[in-house]
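**Q** Fold the following, please.
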Amino acid sequence: MKQMVLIGLLGLAVLMPCIAQQAQVIEGSATRYESQDTIFYASHASFPFGTQIIVTNLENGKKVTVQIGGRIPRDPKWLLDICAPAADALGMNVRGFTSVRIEEAPKAAKRKATRKFMQAGAVSTQMPGNELTAAHPSIPLGTWVRITNKANGKQAIATVTNRMAADGVRIINLSQPLARNLGLSEGAMILLETVDKETGK
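**A** I've put the predicted structure just below:
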């Protein structure tokens, strides 16, 4: 009998880590924010930046995979704030809350979701510091980005280290040394794209 109990306890000890690693499924409400992101971003209270999650609209069954790139306050009634393109794909309400289910995406879905992010727009050059760094509303912190000056073709690679408010005009805030290297002035037009840290591509 003791042997059976011991085997049972050992089996439970082996199973517990597997149970703990299962993807958590949460249901609640989501809202949308206006954005032209070419990758589907969302904001959450605690998921690590860069995490890919599957969002299901419980009102129509539509699903998308989004990447966590921002924060919202902890609120039991509000799970997620989703960028407009992803919200449109889900058929979400234009205003107010939509009932959703969220779960962490499996590895295969994560590879599919992390397609290259590219954005064009104006630049702000007021970020202090001596490093080649940048601030962006939603790109995960630590991501490498290539900035191209659309007027002269100059390029530089920087790291996203800070957040800035999305204002619909300026898409990124660059450190002054980075802006000087690119020959950029306030409000100049740039092309922004994410790059792989290892290859620079």
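
**Q** May I ask which helix or strand encompasses the residue nearest the centre of the chain?
**A** For the chain, the residue lying nearest the average C-alpha position, counting by Cα atoms, centre = their mean, turns out to be residue 69 (2.6 Å). Per DSSP states H and E: residue 69 is located in strand 63-70.

**Q** so what secondary structure elements neighbour that strand?
**A** strand 41-43, strand 52-57, strand 80-83, helix 84-90, helix 107-113 (3 or more Cβ pairs under 8 Å, 6 or more residues apart in numbering; DSSP states H and E). Quick note: C-beta positions are derived from backbone N, CA and C, even for glycine.

**Q** Which of the residues in it are classified as buried?
**A** 64, 65, 66, 67, 68, 69, 70 (16 or more other Cβ atoms under 10 Å).

**Q** Just the C-alpha atoms of that strand, please, in PDB.
**A** Extracted in PDB, the C-alpha atoms of strand 63-70 (Å, rounded to 0.1, in the frame of the first residue of the first chain):
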ATOM      1  CA  LYS A  63      -9.600  34.800 -33.800                       C
ATOM      2  CA  VAL A  64      -6.300  36.700 -34.300                       C
ATOM      3  CA  THR A  65      -2.800  36.400 -32.900                       C
ATOM      4  CA  VAL A  66      -1.500  39.600 -31.400                       C
ATOM      5  CA  GLN A  67       1.900  40.600 -29.800                       C
ATOM      6  CA  ILE A  68       2.000  42.400 -26.500                       C
ATOM      7  CA  GLY A  69       3.700  45.800 -26.900                       C
ATOM      8  CA  GLY A  70       2.100  48.100 -24.300                       C
END
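
**Q** now what about it, what contacts it?
**A** 39-44, 47-57, 80-83, 86, 89-90, 105, 109-110, 112-114, 137-140, 163 (Cβ atoms under 8 Å, 6 or more residues apart in numbering).

**Q** and it, how far out from the chain's middle?
**A** 6 Å (Cα atoms, centre = their mean, to the nearest Å).

**Q** Stretch 136-155 now?
**A** For stretch 136-155, the distance to the chain centre is 16 Å (Cα atoms, centre = their mean).
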